[in-house]
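S.K.: All I have is the shape, not the residue letters:
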């Protein structure tokens, strides 16, 4: 009875018309559809295969099971200020953070979710750059962003843009890395210089009158960690030295493994610019956050192959053995200073705060 | 190579340590009867711990950690006053990072911020002035503290605010001066300091002349020192050299930064903006005459104390807290009843546990629970 022939479904993309995000973009109507499709879906290429967009991503169990025997699942929120900084942006950070959290457990990252909370007034151009950065970083890491969510909140309810990413990965049979696995005699290694990210972020903040040439080390570490695990299959544990820096990771492993950690100050790779920056502000690079530094504990006999594998990777050129696991002083991290003195490397209470003078 | 790298040279350091050992032997100093050297400045306390220097020096020399951490000596009442100013909804309170965690009688600035006060961390008072320019409808208050090191930048900021006619900027002044403080240490009963490592950054401003009374009246040597490990070691050697020949001189190890006469321009700015208070209260040390500065009447409109009817509350330290004895070098941090128990960096009771320059926090963080325990 209906004589009208329906128009064929348009697959052409909807475009955002306004320069800034408004509350209308979170209202569930056409404005929101335009924003999601134009900024996020086009960047992530989620349904380029033409499949309709469902409320959830669907991953093939059979496929996952060919890769290993355990699913790794992690989540992280990103609230960095400023959104864009030397060496990266909040989008790159959101992908690297979750990919690295999977990788340090020995998992091969498979898929990510990405949820964004946007403050009204955010420039669409900035949002677009960040979405493209998410896509490019995911591609580089070999993972897909398969599901997401967008919310817009009133001015003041969030700070420009918050991103939460969750990720799943698969751990291969027989691989059991763990924070409690360090044994006396093992060696602590890092893949690169410490403090770059923390220094770059602090320097990029508006209120800071100090500039530095340091760029964030933000990078997906799954490829590097894959190489490390192939070269040193006996690796006990890996952690990425994010918030709290190297000091936090070492203290965590000392406590969990009930061992002492003894590191050598002169062996720790730190760029001269980061040293200078920290000297000026009274900060300690051991406590600055990193987004591309993995700390691994390997049995002594595999240190050679481990370092060789790391140094052969672009993200591990400056890899170094920085200390050993000891039976003495369990739970403590002790550092030998260049003068033959020692100091305890303890946890900080909160953020590192610049000293007055 | 960074500018400071030559001052970290390990071989030079070892040679200096050997020569310090020889001097101590000649002086007959031992672990039981050591030479006591006080580093006045918190920056030196931090450097000594950070580089593990106390552990590599022979036991015949012992560091006493002096009162030169401006955050540590700030009395609780001033923090309470500061929180009261910050609670005014018109106010944006700005401050240096390490003042954020100093406990007041009710809360720290960090807690006040969490409770809704608009408190922002800045790296220079000029940043606070810029904030005032950008927010003409708000009152921007800078919580200024520190010795002569930070005083000139605050003074220059006030001068600039006046030149530019910025009406919504003021200073809550808690600046203090180093000389009366050293005098208070020297006059305290049971004082057993054999020599002083003088503050490098303060001296860059005030020069060497103000220290002369220490040599003349108290017969104690003082060596103004830099903050790198070799600076500290060399100044220890210089002090021992003086003590060995019975001298008491004011020497300058940090001549690459500290001019004999200081920085006249900085001294000029300080004198233009500030005047000595009759008395200022120090945490742990009590009231010390002429030890603090206030804003001169000419710049009264930039004085937050006049603008916000600050109560000037006095809050006595908890009776169990022994920060005062530690500051005067009478006891070591770990000898305090609260150290590591009720008083930790997570829950500081006394101010010396708050700043990383405070002797107690430095022991707790870098030294383990006892000297040499590492």
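M.R.: Here it is on my side, so go on. Everything quoted here is computed from the prediction, not taken from an experiment.

S.K.: Next secondary structure element downstream of the host helix or strand of residue B:130?
M.R.: For residue B:130, the host element (DSSP states H and E) is helix B:125-134. On the C-terminal side of helix B:125-134, the closest following helix or strand by DSSP H and E is strand B:139-146.

S.K.: Could you check the angle that next one makes with helix B:125-134?
M.R.: Strand B:139-146 and helix B:125-134 are oriented at 180 degrees to each other (axes from the mean of the first three to the mean of the last three CA atoms, to 10 degrees).

S.K.: ok, back up a step: how about the helix holding residue B:130: buried residues?
M.R.: For helix B:125-134, a neighbour-count test (16 or more other CB atoms under 10 Å in any protein chain shown) marks B:125-132 as buried. All C-beta spots, glycine's among them, are computed from the backbone N, C-alpha and C.

S.K.: Distance to chain A added to the residues you listed, as JSON lines?
M.R.: Shown next, in JSON lines, are these (distance: CB to the nearest CB, whole Å):
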{"residue": "B:125", "distance to chain A": "11"}
{"residue": "B:126", "distance to chain A": "7"}
{"residue": "B:127", "distance to chain A": "5"}
{"residue": "B:128", "distance to chain A": "9"}
{"residue": "B:129", "distance to chain A": "12"}
{"residue": "B:130", "distance to chain A": "8"}
{"residue": "B:131", "distance to chain A": "8"}
{"residue": "B:132", "distance to chain A": "13"}
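
S.K.: for chain B, what's the longest helix?
M.R.: For chain B, the helix that runs over the most residues, judged by DSSP state H, is helix B:10-27.

S.K.: And the contacts of that helix?
M.R.: Here helix B:10-27 makes contact (CB atoms under 8 Å, 6 or more residues apart in numbering or on different chains) with A:266, A:338-340, B:35, B:56-58, B:60-61, B:229-230, B:233-234, B:236-237, B:240-241, B:243-244.

S.K.: for the record, mean pLDDT for that helix?
M.R.: Helix B:10-27 carries an average pLDDT of 93.

S.K.: Would you mind splitting chain A into its domains for me?
M.R.: A:23-47+A:65-171, A:187-344 (automatic domain parsing).

S.K.: how would you label residue B:175: helix, strand or coil?
M.R.: strand (DSSP: H, G, I helix; E, B strand; the rest coil).

S.K.: Quick check, pLDDT for the residue lying farthest from the centre of chain B.
M.R.: In chain B, counting by CA atoms, centre = their mean, residue B:137 sits farthest out from the average C-alpha position, at 34.5 Å. In this prediction, residue B:137 carries a pLDDT score of 97.

S.K.: do residue B:134 as well
M.R.: 96.

S.K.: For the stretch 101-250 of chain B, which residue gets nearest to chain A?
M.R.: Closest contact between the stretch 101-250 of chain B and chain A, by CB to the nearest CB, is at residue B:149 (4.3 Å).

S.K.: cool, and chain B?
M.R.: Counting by CB to the nearest CB, chain B gets nearest to chain A through residue B:52 (2.3 Å).

S.K.: Enumerate every residue touching the nearest residue to that residue once chain neighbours are set aside.
M.R.: Here the nearest residue to residue B:52 in space, its sequence neighbours aside, is residue A:341; by CB to CB, 6 or more residues apart in numbering or on different chains that works out to 2.3 Å. Applying CB under 8 Å, 6+ apart to residue A:341 gives the contacts B:51-56.

S.K.: Columns neighbour count on top of the residues you listed, output as CSV?
M.R.: Formatted as CSV, those follow (neighbours: other CB atoms under 10 Å in any protein chain shown):
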residue, neighbour count
B:51, 25
B:52, 25
B:53, 22
B:54, 20
B:55, 19
B:56, 18
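
S.K.: what about the lengthiest helix in chain A, average pLDDT?
M.R.: Secondary structure assigned by DSSP H gives helix A:124-141 as the longest helix of chain A. In this model, helix A:124-141 has a mean pLDDT of 96.

S.K.: Could you check how many residues crowd around residue 105?
M.R.: This is for chain A. Neighbourhood size, residue A:105 [other CB atoms under 10 Å in any protein chain shown]: 22.

S.K.: should've been chain B
M.R.: 15.

S.K.: who's in contact with the nearest residue to it once chain neighbours are set aside?
M.R.: Closest residue in space to residue B:105, ignoring its immediate chain neighbours: residue B:315 at 4.5 Å, by CB to CB, 6+ apart. Taking CB under 8 Å, 6+ apart as the criterion, residue B:315 is in contact with B:75-77, B:80, B:104-105.

S.K.: Distance to residue A:144 and secondary structure added to those residues, as JSON lines?
M.R.: Shown next, in JSON lines, are the contacts of residue B:315 (distance: CB to CB, whole Å; DSSP: H, G, I helix; E, B strand; the rest coil):
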{"residue": "B:75", "distance to residue A:144": "59", "secondary structure": "coil"}
{"residue": "B:76", "distance to residue A:144": "56", "secondary structure": "helix"}
{"residue": "B:77", "distance to residue A:144": "59", "secondary structure": "helix"}
{"residue": "B:80", "distance to residue A:144": "55", "secondary structure": "helix"}
{"residue": "B:104", "distance to residue A:144": "51", "secondary structure": "coil"}
{"residue": "B:105", "distance to residue A:144": "55", "secondary structure": "coil"}
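
S.K.: Which of those residues has the largest number of neighbours?
M.R.: That'd be residue B:75 among the contacts of residue B:315, by other CB under 10 Å, with 26 neighbours.

S.K.: now the strands for the chain?
M.R.: Picked chain A for this. Along chain A, the stretches classed as strands by DSSP state E are A:70-78, A:84-85, A:88-89, A:107-119, A:144-153, A:161-171, A:187-190, A:237-240, A:260-264, A:294-298, A:320-326, A:333-336, A:342-344.

S.K.: meant chain B, my bad for not saying
M.R.: B:35-41, B:61-68, B:91-95, B:119-121, B:139-146, B:169-175, B:195-198, B:222-224, B:250-252, B:274-276, B:279-282, B:286-289, B:293-295.

S.K.: what's next to the third one, contact-wise?
M.R.: Residues from elsewhere that reach strand B:91-95, judged by CB under 8 Å, 6+ apart: B:82, B:85-86, B:109, B:117-122, B:125, B:127-128, B:131, B:135, B:138-143, B:308.

S.K.: Report how many residues lie close to residue 217.
M.R.: Chain wasn't specified; assuming chain A. 26.

S.K.: meant chain B actually
M.R.: 11.

S.K.: What distance do you get for it to residue A:23?
M.R.: Between residue B:217 and residue A:23 the distance is 72 Å, computed by CB to CB, to the nearest Å.

S.K.: For the stretch 251-357 of chain A, which residue gets nearest to chain B?
M.R.: Taking CB to the nearest CB, the stretch 251-357 of chain A has residue A:341 as its residue nearest chain B, at 2.3 Å.

S.K.: For that residue, give me the backbone phi and psi.
M.R.: phi -90, psi 170 (degrees, to the nearest 10).

S.K.: in the stretch 51-200 of chain A, what spans have low per-residue confidence?
M.R.: Applying pLDDT under 70 to the stretch 51-200 of chain A flags the ranges A:51-52.

S.K.: Would you mind checking which of the contacts of residue B:315 is nearest to residue A:183?
M.R.: In terms of CB to CB, no member of the contacts of residue B:315 lies closer to residue A:183 than residue B:104, at 46.7 Å.

S.K.: what sits against that closest one?
M.R.: B:76, B:79-80, B:82-83, B:315.

S.K.: again, 7 Å this time
M.R.: B:76, B:79-80, B:83 (CB atoms under 7 Å, 6 or more residues apart in numbering or on different chains).
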